[in-house]
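Trainee: got a predicted structure plus its sequence, pasted below:
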Amino acid sequence: MPHPRPFRFGIQLTSAPPGTDWASVAREAEDLGYSTLFMPDHFGDQLAPVPALAAAAEATTTLRVGPLVLDNDYKHPVVTAKEMATLDVVSGGRLELGIGAGWMASDYEQSGIAMDPAGERVERLEEAVAVLKGLFAPGAFSYEGKHYRISDLDGLPKPVQSPGPPLLIGGGGPRVLALAGREADIVGINPAVRSGQVDAAAALDGGAEITDRKLGWVKAAAGDRYPDIELTMLIYMAVLTDDRAAVRAGARGPGALPPRLGGHRGRDRGRPRRPPGALGRVVPGGAERGHDAGHGPARRPPVRHVTDAPAER
């Protein structure tokens, strides 16, 4: 039976476009009805996500904020827990915490951080999730794992949302999606990025049959909690057409895709745009359609539809 939750729309931004300031961009996203403003976590041309998300939260009143996603390899989870709990506090309980095992090869190459095999990165992410949840919980926490050891640490401050901010984990492979099914509140069904960059192969990993198979991995791992999981999908591009077969065939041809998917180079860093398919305002959580938006502390948000978050394996 389908869950009676409407779609939400999120937007992912890296910085303010020329001639605007970050606070006004965040307010515009809120005014357009986006539910969540997300930011990636890379070393290229973007604002640092933690301070920028705090500034976006300060400039708005209902807009949720979150990283999509933090690379677990860049910070110890004790540091991540403190920063994310603080962000949840200063935003009044509007954080959605996206975290992943890392995927962008250029980040590792340019920073000198070792990019371990995917299996080891996912294993480390699994331990980090346990540490985050333990530090968000009341009282002192200890943990003994292969990668992290925590000794009687009380993670302070505690987040406003209880038992913690909604945890978002996305991926395109069976191991990370199984982890997401077991542990995440929000699961991203993403193309697999096997080459370490978003390319045409990743785009072709998002078909209907492949997506159904990935949902099966999540459902098997989630068990009885599956109906309560929020599902999210990224959209790299949208094509309006009466000939789906021709579009699918064209996606395999040279120059047919946007630059991030292997097409010609270019960059779109424009202002927030109205969510696709919206007739009038799309209110976060569907409040104008008789559904409780649920933006207060300790409330879980409804289903979302978000943009731009490559997958771990």
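Mentor: Thanks, I have it.
Trainee: rest of the way, CA atoms for contacts and neighbours
Mentor: Will do.
Trainee: quick one: the strands in the protein?
Mentor: Assigned by DSSP state E, the strands in the chain fall at 10-12, 36-39, 64-67, 70-71, 97-100, 141-144, 149-153, 167-171, 186-189, 230-232.
Trainee: I'd say residue 78 and residue 132 touch.
Mentor: Yes - in terms of Cα atoms under 8 Å, residue 78 counts as a neighbour of residue 132; the distance is 7.2 Å.
Trainee: and the two? Which one has more around it.
Mentor: Neighbour totals were compared for residue 78 and residue 132, and residue 132 leads with 21 against 16 (other Cα atoms under 10 Å).
Trainee: kindly list the main-chain dihedrals of the nearest residue to residue 206 once chain neighbours are set aside?
Mentor: Counting by Cα to Cα, 6 or more residues apart in numbering, residue 206 lies nearest to residue 191, which is 5.2 Å off, once chain neighbours are set aside. Main-chain torsions, residue 191, degrees, to the nearest 10: phi -60, psi 140.
Trainee: now do residue 6
Mentor: Dihedral angles (degrees, to the nearest 10) for residue 6: phi -80, psi 170.
Trainee: begin at 55 from now on, thanks
Mentor: OK, 55 is where the count begins now, so the last one is residue 60.
Trainee: gap between it and residue 278?
Mentor: Residue 60 sits 21 Å away from residue 278, taking Cα to Cα, to the nearest Å as the criterion.
Trainee: which of those two has more residues huddled nearby?
Mentor: Between residue 60 and residue 278, counted using other Cα under 10 Å, the more crowded position is residue 60 (16 against 9).
Trainee: mind checking how far that one is from residue 242?
Mentor: 17 Å.
Trainee: ditto for residue 232
Mentor: Separation of residue 232 from residue 242 (Cα to Cα): 11 Å.
Trainee: over to residue 133?
Mentor: Distance from residue 133 to residue 242, by Cα to Cα: 24 Å.
Trainee: who has more neighbours out of these two?
Mentor: Between residue 133 and residue 242, counting by other Cα under 10 Å, residue 242 is the more crowded of the two (28 against 11).
Trainee: could you give the bridge partners of the more buried one?
Mentor: residue 224, residue 286 (DSSP bridges).
Trainee: pull the contacting residues for it.
Mentor: The contact partners of residue 242, taken as Cα atoms under 8 Å, 6 or more residues apart in numbering, are 222-225, 285-288.
Trainee: try it again at 6 Å.
Mentor: Neighbouring residues of residue 242 by Cα atoms under 6 Å, 6 or more residues apart in numbering: 224, 285-287.
Trainee: from those, which is closest to residue 160?
Mentor: Distance to residue 160, by Cα to Cα, is smallest for residue 224 among those, at 19.9 Å.
Trainee: run a quick neighbour tally on that closest one.
Mentor: Residues near residue 224, counting by other Cα under 10 Å, number 32.
Trainee: contacts only, for it.
Mentor: 241-243.
Trainee: cool, residue 245 as well?
Mentor: By Cα under 6 Å, 6+ apart, residue 245 lies in contact with 226, 256, 259-260, 365.
Trainee: flag the least confident of these.
Mentor: Across the set of those, residue 365 stands lowest in pLDDT, at 38.
Trainee: Serialize the contacts of residue 224 to TSV and add fields for pLDDT and distance to residue 174.
Mentor: Shown next, in TSV, are the contacts of residue 224 (pLDDT from 0 to 100; distance: Cα to Cα, whole Å):
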residue	pLDDT	distance to residue 174
241	97	20
242	95	20
243	93	21
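Trainee: closest one of the residues you listed to residue 272?
Mentor: Lowest distance from residue 272 to those (Cα to Cα) belongs to residue 241, with 8.1 Å.
Trainee: does the closest one touch residue 287 like I think?
Mentor: No - using Cα atoms under 6 Å as the test, residue 241 is too far from residue 287 to be in contact (8.5 Å).
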